[in-house]
Structures are given as C-alpha cells and as structure tokens.
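S.K.: Following is a predicted model, sequence given first.
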Amino acid sequence: MEEKKETVDIAQLKKEMLGTAVIKDTDLSADMLAEVQDTVVSGIENNSQPVFSVENACKTIKEALEKKYGPVWQVIIGEGYAYDVTVQNHTRLFMFYNGNLACLVFKS
C-alpha cells in the first residue's frame, strides 16, 4: 500500500502567518484582551523597521499599558523561553506573534 504524503510549502505557511497573533494563555477579560493584544501587536510592528528592536518594542508596549491601566506592567518578548511569575489577577497575556516570537505581558 502506498501512503499519501501531504507536502507543506513552508514559505507559503510563513507568509500566511505574517502579522498574526495566537493567544496561548490569558486571564484577561474579553475587552481588555482585545486592547492589550492590539497594543502588543502595534508595539512590535512599529519597532520592526528596518530591524526589529526588542528593547524599543517592550518599552513602547509598557508605556502604553501603564498610561492606560496604571503601573507597573512587565513586558517580555523573545524566542525559546519559559516563565513562572506571580501576577495580579486578570492581568496576564502570553501570546505568539508571527509563529515564533513569544510575548508575555503582565501587571506585577
């Protein structure tokens, strides 16, 4: 018997995932989730030209969240990390952007 193998075009898959955010874990309310997610995505996109700057993106996101929801927010952006943090209830968001860029946002 011959098995049918599906082929996946990696370039096409990356193109489809460009600019997408996937929420992995959160305890935010629906309204706050949409606003925080938009803040994170815009912070990343605004600091990605010509080269992505993690420091500037984190700073931009942190300042925007603190202006809207008060201090003290923490923003961690990177690849290949795990976390174990204590946070205030209903202030945590862990998401992936473009498939491999992890973003952790929480209020401490």
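M.R.: Good, I have the coordinates.
S.K.: For the rest of this, base every contact and every neighbour count on C-alpha atoms.
M.R.: OK.
S.K.: elements contacting the one helix or strand residue 56 maps to?
M.R.: Assigned by DSSP states H and E, residue 56 falls within helix 54-69. The contact analysis (3 or more Cα pairs under 8 Å, 6 or more residues apart in numbering; DSSP states H and E) places helix 54-69 against helix 30-46, strand 73-78.
S.K.: could you redo the last one with a cut-off of 6 Å?
M.R.: helix 30-46 (3 or more Cα pairs under 6 Å, 6 or more residues apart in numbering; DSSP states H and E).
S.K.: The helix it packs on: which residues count as buried?
M.R.: Neighbour counts over helix 30-46 (16 or more other Cα atoms under 10 Å) mark 33, 36, 37, 39, 40, 41, 43, 44 as buried.
S.K.: Stretch 96-108 now?
M.R.: Going by neighbour count (16+ other Cα under 10 Å), the buried part of stretch 96-108 is 96, 97, 102, 103, 104, 105, 106, 107.
S.K.: Tabulate the residues you listed (JSON lines), appending distance to residue 58, secondary structure and pLDDT.
M.R.: Shown next, in JSON lines, are the buried residues of stretch 96-108 (distance: Cα to Cα, whole Å; DSSP: H, G, I helix; E, B strand; the rest coil; pLDDT from 0 to 100):
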{"residue": "96", "distance to residue 58": "14", "secondary structure": "strand", "pLDDT": "91"}
{"residue": "97", "distance to residue 58": "14", "secondary structure": "strand", "pLDDT": "89"}
{"residue": "102", "distance to residue 58": "12", "secondary structure": "strand", "pLDDT": "92"}
{"residue": "103", "distance to residue 58": "9", "secondary structure": "strand", "pLDDT": "94"}
{"residue": "104", "distance to residue 58": "10", "secondary structure": "strand", "pLDDT": "94"}
{"residue": "105", "distance to residue 58": "9", "secondary structure": "strand", "pLDDT": "96"}
{"residue": "106", "distance to residue 58": "12", "secondary structure": "strand", "pLDDT": "95"}
{"residue": "107", "distance to residue 58": "14", "secondary structure": "strand", "pLDDT": "92"}
